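# What follows is a protein structure lacking sequence information:
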C-alpha cells in the first residue's frame, strides 16, 4: 500500500517550484522571442504588401505616362508631317511656277528665233528663187 506522508507534500511543492522556475527561465523568454518574431513577420508582411501596392501604382503611373508620351509623340509626328506636306506643296508650287515662267520665256525665245530665221530665210528665198528661175529659164528674171 501507498503511504501518504509529508514527503508527498514536499514533492508537490518541489513540482510547483520546478514549473515556476522553468516558466521564468525557459518558457517566458521563448514565448517573448516567438511573439517578437510573430510581430516582426507581421510587420514585414505589411511592409511587403505596402511595397507591392506602391510598385503597382508606380508601374501603372509609368505605363500611363508612357502611353501618354507615345500619344503626344504621335500627335507631334502627325503635326510635323502635315507641316512638311504643306511646305512640300509650297516648294512644288514654287518650282512649277518657275518652270512655267522659264518655259514661257523659252517659248518666246524660240518664237522670236523662229521669226528671225523665217525673216532671214524669206530674204534668202527671193535670192534663191531668182537663182533657180535663172537656171531653169537660162536667162535673168
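Structure's in. What do you need? Remember, predicted model here, so these are calculated numbers, not experimental data.
# Going by C-alpha atoms from here, please, whenever you check contacts or count neighbours.
Noted.
# After the host helix or strand of residue 14, which helix or strand is next?
Following DSSP states H and E, one finds residue 14 within helix 6-22. Downstream of helix 6-22, the next assigned helix or strand under DSSP H and E is helix 28-137.
# what's the angle from that following helix to helix 6-22?
Orientation of helix 28-137 against helix 6-22 (axes from the mean of the first three to the mean of the last three C-alpha atoms, to 10 degrees) gives an angle of 30 degrees.
# Can you list the helices and strands that helix 28-137 packs against?
Helices and strands touching helix 28-137, by 3 or more C-alpha pairs under 8 Å, 6 or more residues apart in numbering; DSSP states H and E: there are none.
# and stretch 85-98, how far from the chain's centre?
31 Å (C-alpha atoms, centre = their mean, to the nearest Å).
# before we move on, what about stretch 17-32?
Between the centre of stretch 17-32 and the centre of its host chain there is 67 Å, according to C-alpha atoms, centre = their mean.
# quick one: terminal-to-terminal distance for that stretch?
Terminal residues of stretch 17-32 lie 21 Å apart, using C-alpha to C-alpha, to the nearest Å.
# I'd like the numbering to begin with 240 instead of 1 from here.
Okay, using 240 as the starting number, the last item reads as stretch 256-271.
# State the mean pLDDT of it.
On average, the pLDDT along stretch 256-271 is 94.
# If we go by neighbour counts, what in the helix holding residue 253 is buried?
Across helix 245-261, burial judged by 16 or more other C-alpha atoms under 10 Å covers no residue at all.
# name the helices or strands packed onto it?
So helix 245-261, by 3+ C-alpha pairs under 8 Å, 6+ apart, packs with no helix or strand.
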